[in-house]
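Asks: need a structure here:
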Amino acid sequence: MAITKGDTVHWNTSQGRTTGTVVEKRVSEFTFEGQTFNASTDEPYWIVESSKTGARAAHKESTLDAS
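Replies: Below is the predicted model of the structure:
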């Protein structure tokens, strides 16, 4: 999977499938909204912005589907 900044992606939430835009890739440990994430080059995380709400969240690359 080749995700890049600006791509439209989809992911599952408890409310159903959500669509958003990729904002930033993280490949080392980071803190986002009070939570610590253990990102790496083998398991990167992406900061994505929901198209519906504008809220940003961190997601493992493996949980995102690119359009």
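Asks: Pull the contacting residues for residue 30.
Replies: For residue 30, the contact set (Cβ atoms under 8 Å, 6 or more residues apart in numbering) comprises 36-37, 39, 45, 58. In this view, the C-beta of every residue, glycine as well, is placed from N, C-alpha and C.
Asks: can you rerun that using 7 Å?
Replies: By Cβ atoms under 7 Å, 6 or more residues apart in numbering, the residues touching residue 30 are 37, 39.
Asks: who does it bridge with?
Replies: Bridge pairing for residue 30 (DSSP bridges) gives the partners residue 37.
Asks: Renumber starting at 49 from here on
Replies: Yep, numbering from 49; the last one is residue 78 now.
Asks: Could you pull up phi and psi at the residue located most distally from the centre of the chain?
Replies: Largest separation from the mean C-alpha position in the chain: residue 63, at 16.6 Å (Cα atoms, centre = their mean). Phi and psi for residue 63, reported as degrees, to the nearest 10, are phi -90, psi -10.
Asks: pLDDT score for it?
Replies: Note on residue 63: pLDDT of 86.
Asks: any idea how far residue 95 is from it?
Replies: In this view, residue 63 and residue 95 are 20 Å apart by Cβ to Cβ, to the nearest Å.
Asks: now do residue 79
Replies: Counting by Cβ to Cβ, the gap from residue 79 to residue 95 is 12 Å.
Asks: more crowded one of the two?
Replies: Comparing residue 79 with residue 95 by other Cβ atoms under 10 Å, the one with more neighbours is residue 95, at 19 against 9.
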